[in-house]
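Visitor: Got a predicted model here, sequence first, then my questions.
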There are 2 protein chains.
Amino acid sequence: MRIALFQMTALPGDVESNLALIEDAIIQAAEGGATLLIAPELATVGYGSGDAITARAEPVDGDQIKALAEMAAREGVAVIAGFPERDGGRVYNSAVFTDGRNAPVAYRKSQLYGAYERAIFAAGEPAAVMASHGGLRIGMLICYDVEFPENVRRLALAGADLVAVPTALPRVPEAAIITERMIPVRAFENQIFVAYTNHSGRDELFAYAGRSRIAAPDGASLTTASETDTCVIFAEIDPPKYAASREINSYLRDLRR
Amino acid sequence: MRIALFQMTALPGDVESNLALIEDAIIQAAEGGATLLIAPELATVGYGSGDAITARAEPVDGDQIKALAEMAAREGVAVIAGFPERDGGRVYNSAVFTDGRNAPVAYRKSQLYGAYERAIFAAGEPAAVMASHGGLRIGMLICYDVEFPENVRRLALAGADLVAVPTALPRVPEAAIITERMIPVRAFENQIFVAYTNHSGRDELFAYAGRSRIAAPDGASLTTASETDTCVIFAEIDPPKYAASREINSYLRDLRR
């Protein structure tokens, strides 16, 4: 299965414009032969948009996800995108999978990062939330979640072939080790694919580190974006191609706890 | 505290010669100002020495550990070294910490790798085995153990400042990702030091990948050896220097499971 990542520069608080950007990227993904597009954390509202996040939070059956589902159905490209999820009085930092046909699947970030997020969001419970698409099992995590090996392991043990990680990693000194080393190691130590989709550009609060990538089970990066690109990048997710790697690096089979 | 790693080329089955090599390295470590030397997996007998491993296996109170304890006491340098541990009818792939004064602390590898090891050894139970030295808490793992994030996490949550990893990593395609990326990521994701000590050279069964290193909490490698060196390398283990890194990358405090 061919997938695409959308390293986007979101407009803070402007959900309509961000949905239009995602729609453009879905069309590019379809033209490039992909059947899944992964957008960043809080892609619909922008990560650094502060109060607008709460103001524009919607339930999974709200207009944002309806719009994404319609695009997915029309273009034949499933979408994973971060959005602010309202559930009664609470707001979660969530990601949704929708293929436009089946009910959307939503994941709530369990590892909130720092005072900014904790002031806005409630934390989800750690859980293996997965969708099926194109014969693959796709797990979801968001940003800081993937920095904890336990979260990727949970999905791998539940059978994930690919873990999709919408993120909003700022330009911090740690950005290099997280993108260049940790993401490939997460793929390698679980013998799965990891798709890490970041923002680029900046908003009032943060400058983003870009460097989106898809890491393969052998730890190779199949595709990467630069720090500053706004772009759609592609890679083939072909688990049988890595059967020999899984056989030699038999972590999931050998694990004792 | 200054520590030293001994990237050695062990003589298969020749315990006496290997103990002499380790003694030389302890003297070099002392001259370099180190108070701890870490030798590789099965340093006393050689990793690829087959039947000799079983033949030369000894309990923790046997002659091999007595010899190491005497060297440690004489030179004022504690030692961590891999050795084949006999316990009744079983042989474990173990590592010992001895400072020559207190009772030795032994750790048994819990993640045996491949048919070669499984034919020789019984597996230890996953456990946080730690020693105290120079004001630091030092955990032990052996080779394949460290490739499972759960094992390093267990030690970090038990309070380890440093995880010492005697290893025998062969020259396989995965050697680069394990040494250059996974070992630094293990240090970073737990905000601890990881000291990974490999063999160099070859024996009848394996050629070894060298590349020993000490990774710091920020993911930097404080010292590294080449693939082919036989050498003693040094670094300073200074946890307070990384207080800012631990504060920003607060994985142990934030972890939810």
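Guide: That came through fine. Numbers count the residues shown, from 1 in each chain, chains lettered A, B, ... in the order given.

Visitor: And the residue of chain A that's closest to chain B?
Guide: Of all residues in chain A, the one sitting closest to chain B is A:Pro149 (3.5 Å; CB to the nearest CB). C-beta here means a position set from N, CA and C on the backbone, and glycine is covered the same way.

Visitor: what's the neighbour count on the nearest residue to that residue once chain neighbours are set aside?
Guide: Among residues not flanking A:Pro149 along the chain, B:Pro149 sits closest, at 3.5 Å (CB to CB, 6 or more residues apart in numbering or on different chains). As a burial measure, B:Pro149 scores 24 neighbours (other CB atoms under 10 Å in any protein chain shown).

Visitor: swap in A:Thr98?
Guide: The number of residues packed near A:Thr98 is 25, by other CB under 10 Å.

Visitor: hey, where'd the helices end up in the stretch 51-200 of chain A?
Guide: Ranges of helices in the stretch 51-200 of chain A, per DSSP state H, counting those that start in this stretch, are A:51-55, A:63-75, A:114-120, A:149-157, A:175-176, A:183-190.

Visitor: Please work out which of the ones you listed is packed deepest.
Guide: Ranked by mean neighbour count, these are led by helix A:183-190 with a mean of 27 (mean count of other CB atoms under 10 Å in any protein chain shown).

Visitor: thinking again about what came up before, the residue of chain A closest to chain B contacts B:Arg154, correct?
Guide: No. With contacts defined as CB atoms under 8 Å, A:Pro149 does not count as touching B:Arg154, sitting 11.9 Å away.

Visitor: okay but the residue nearest to A:Pro149 is in contact with B:Arg186, surely?
Guide: Yes. Under the contact definition of CB under 8 Å, B:Pro149 touches B:Arg186, with a separation of 6.9 Å.

Visitor: Which positions in chain A make contact with chain B?
Guide: A:110-111, A:113, A:123, A:126, A:144, A:147-150, A:153, A:172-174, A:177, A:180-182, A:184-185, A:188-189, A:218-219, A:248-249, A:251, A:254-257 (CB under 8 Å from any CB of the partner chain).

Visitor: what's the spacing between A:Arg253 and A:Leu157?
Guide: Relative to A:Leu157, A:Arg253 is positioned 11 Å away (criterion: CB to CB, to the nearest Å).

Visitor: With A:Ala95 instead?
Guide: Distance, A:Ala95 to A:Leu157, using CB to CB: 20 Å.

Visitor: How many residues are close by A:Arg171?
Guide: Taking other CB under 10 Å as the neighbour definition, A:Arg171 ends up with a count of 14.

Visitor: What of the one 10 residues further on?
Guide: Counted by other CB under 10 Å, the residues lying close to A:Arg181 total 20.

Visitor: same check, this time on A:Val146
Guide: 22.

Visitor: List the contacts of it.
Guide: Under the criterion of CB atoms under 8 Å, 6 or more residues apart in numbering or on different chains, the contact list for A:Val146 reads A:152, A:163, A:165, A:167, A:182-183, A:186, A:194, A:196.

Visitor: Could you dump those into JSON lines and include distance to A:Thr230 and pLDDT?
Guide: Listed next are those as JSON lines, based on distance: CB to CB, whole Å; pLDDT from 0 to 100:
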{"residue": "A:Val152", "distance to A:Thr230": "27", "pLDDT": "98"}
{"residue": "A:Val163", "distance to A:Thr230": "24", "pLDDT": "99"}
{"residue": "A:Val165", "distance to A:Thr230": "19", "pLDDT": "98"}
{"residue": "A:Thr167", "distance to A:Thr230": "15", "pLDDT": "98"}
{"residue": "A:Met182", "distance to A:Thr230": "24", "pLDDT": "98"}
{"residue": "A:Ile183", "distance to A:Thr230": "20", "pLDDT": "98"}
{"residue": "A:Arg186", "distance to A:Thr230": "25", "pLDDT": "98"}
{"residue": "A:Val194", "distance to A:Thr230": "22", "pLDDT": "98"}
{"residue": "A:Tyr196", "distance to A:Thr230": "16", "pLDDT": "98"}
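
Visitor: Packing partners of the biggest helix by length in chain A?
Guide: Among the elements of chain A assigned as helix by DSSP state H, the one spanning the most residues is helix A:15-31. When contacts are defined as 3 or more CB pairs under 8 Å, 6 or more residues apart in numbering or on different chains; DSSP states H and E, helix A:15-31 sits against strand A:2-7, strand A:36-38, helix A:63-75, strand A:78-87, strand A:231-236.

Visitor: I'd like these written out as a markdown table, with distance to B:Pro84 and mean pLDDT added.
Guide: Conversion of the helices and strands packed on helix A:15-31 to a markdown table gives the following (distance: least, CB to CB, whole Å; pLDDT from 0 to 100):
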| stretch | distance to B:Pro84 | mean pLDDT |
| --- | --- | --- |
| strand A:2-7 | 48 | 98 |
| strand A:36-38 | 49 | 98 |
| helix A:63-75 | 58 | 98 |
| strand A:78-87 | 50 | 98 |
| strand A:231-236 | 45 | 98 |
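
Visitor: Switch the ones you listed over to a markdown table; also include distance to B:Leu11.
Guide: What follows is the helices and strands packed on helix A:15-31, written out as a markdown table (distance: least, CB to CB, whole Å):
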| stretch | distance to B:Leu11 |
| --- | --- |
| strand A:2-7 | 51 |
| strand A:36-38 | 53 |
| helix A:63-75 | 64 |
| strand A:78-87 | 55 |
| strand A:231-236 | 47 |
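
Visitor: Figure out which of those is closest to B:Arg74.
Guide: Minimum separation from B:Arg74 across these (CB to CB) falls at strand A:231-236, 57.6 Å.

Visitor: Following element in sequence after the closest one, please.
Guide: Counting by DSSP states H and E, the next helix or strand C-terminal to strand A:231-236 is helix A:243-248.

Visitor: what pLDDT, on average, does that following helix get?
Guide: Averaging pLDDT along helix A:243-248 yields 96.

Visitor: same thing with stretch A:16-25?
Guide: The model assigns stretch A:16-25 a mean pLDDT of 98.

Visitor: Return the set of buried residues in that stretch.
Guide: The neighbour-count criterion (16 or more other CB atoms under 10 Å in any protein chain shown) identifies A:18-19, A:21-23, A:25 as the buried residues of stretch A:16-25.

Visitor: from the residues you listed, which single one is nearest A:Ile53?
Guide: Distance ranking of these against A:Ile53, using CB to CB, places A:Asn18 first at 12.2 Å.

Visitor: quick one: contacts for that closest one?
Guide: Under the criterion of CB under 8 Å, 6+ apart, the contact partners of A:Asn18 comprise A:8, A:10-11, A:43-46.

Visitor: same thing with A:Leu141?
Guide: By CB under 8 Å, 6+ apart, the contact list for A:Leu141 reads A:107, A:109, A:151-152, A:155, A:163-165.

Visitor: if I read this right, A:Phe193 contacts A:Ile237, doesn't it?
Guide: Yes. With the criterion set as CB under 8 Å, A:Phe193 and A:Ile237 qualify as a contacting pair; they are 5.3 Å apart.

Visitor: higher neighbour count, those two?
Guide: Neighbour tally, A:Phe193 and A:Ile237, criterion other CB under 10 Å: the higher count belongs to A:Phe193, 26 against 23.

Visitor: Name the nearest residue to that one, sequence neighbours excluded.
Guide: When the adjacent residues along the chain are set aside, A:Phe193 lies closest to A:Leu162, with 4.3 Å between them (CB to CB, 6+ apart).

Visitor: That neighbour: neighbour count?
Guide: A:Leu162 is surrounded by 27 other residues when neighbours are defined as other CB under 10 Å.

Visitor: Excluding chain neighbours, what is closest to A:Ala235?
Guide: A:Leu222 (3.8 Å).

Visitor: Is the one you found in a helix, a strand, or coil?
Guide: Assigned with DSSP: H, G, I helix; E, B strand; the rest coil, A:Leu222 falls in the strand class.
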